[in-house]
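# got a predicted structure here, sequence first:
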Amino acid sequence: MKEESKIQKIDAQEFKNILQDLGLTEESLAEKIAVQTLAKRWVDIIGPVYASHSEPFAVHGDTLVILTVHSAYKQEILFMRKRILSYSARYLGRDAVKKIEIRIGNLASKRQKSPSYTADKTGLEGKQNLVLLAEKETDPVAKKRLLELIEYL
């Protein structure tokens, strides 16, 4: 019992002061937590293929900003808008994210992954590697679209 009395609770105002000293507000901290929550589950949300070429970048108000490396991925991710909003509601709360904005740019170096196929492979061998990569996709709609795109190569 005596040990419990030694534990001090942090006053809410003290916590706010610490955040302020770090240059953070409650809102900016909540946004950073939301982005990290989605980033940790990004592969589950949009699948391994698109997750390796995109990342949740920021949450501004009720808008999730997604960063991707190419306009083709931007288009495909736009097709997954409802899925992303659904998972965002599941992980962040019902009204946390209502809109999605997708920007093209460089991914954070720690999250950027190199493709699992090599650029020097061409022809049938390179196409087979793309098919194997697409087979790892967990979302059936995205998987179907990827296979259709590969078919045209």
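Arrived safely.
# roughly how far apart are S88 and N129?
Distance of S88 to N129, given as Cβ to Cβ, to the nearest Å: 32 Å. C-beta here means a position set from N, CA and C on the backbone, and glycine is covered the same way.
# looking at the two, which is more packed in?
S88 (24 against 16; other Cβ atoms under 10 Å).
# tell me the pLDDT at that one?
Looking at S88, its pLDDT is 92.
# tell me which residues of stretch 72-83 come out buried.
Going by neighbour count (16 or more other Cβ atoms under 10 Å), the buried part of stretch 72-83 is 73-74, 76-77, 80, 83.
# again with stretch 143-153
Neighbour-count burial for stretch 143-153 [16+ other Cβ under 10 Å]: 143, 145-146.
# with stretch 28-42 instead?
31, 34-35, 37-39, 41-42.
# and if you look at stretch 85-103?
Buried residues in stretch 85-103, defined by neighbour count with 16+ other Cβ under 10 Å: 85, 87-88, 91-92, 96-97, 100, 102.
# tell me which two of those residues sit farthest apart.
Y91 and I102 (18.7 Å; Cβ to Cβ).
# that older thread, among the buried residues of stretch 72-83, which ones are in helices?
Judged by DSSP state H, helices contain the following of the buried residues of stretch 72-83: 73-74, 76-77, 83.
# I'd like those residues as a markdown table, with pLDDT and distance to P56 appended.
Shown next, in a markdown table, are those (pLDDT from 0 to 100; distance: Cβ to Cβ, whole Å):
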| residue | pLDDT | distance to P56 |
| --- | --- | --- |
| Y73 | 93 | 14 |
| K74 | 94 | 14 |
| E76 | 93 | 16 |
| I77 | 94 | 11 |
| R83 | 94 | 14 |
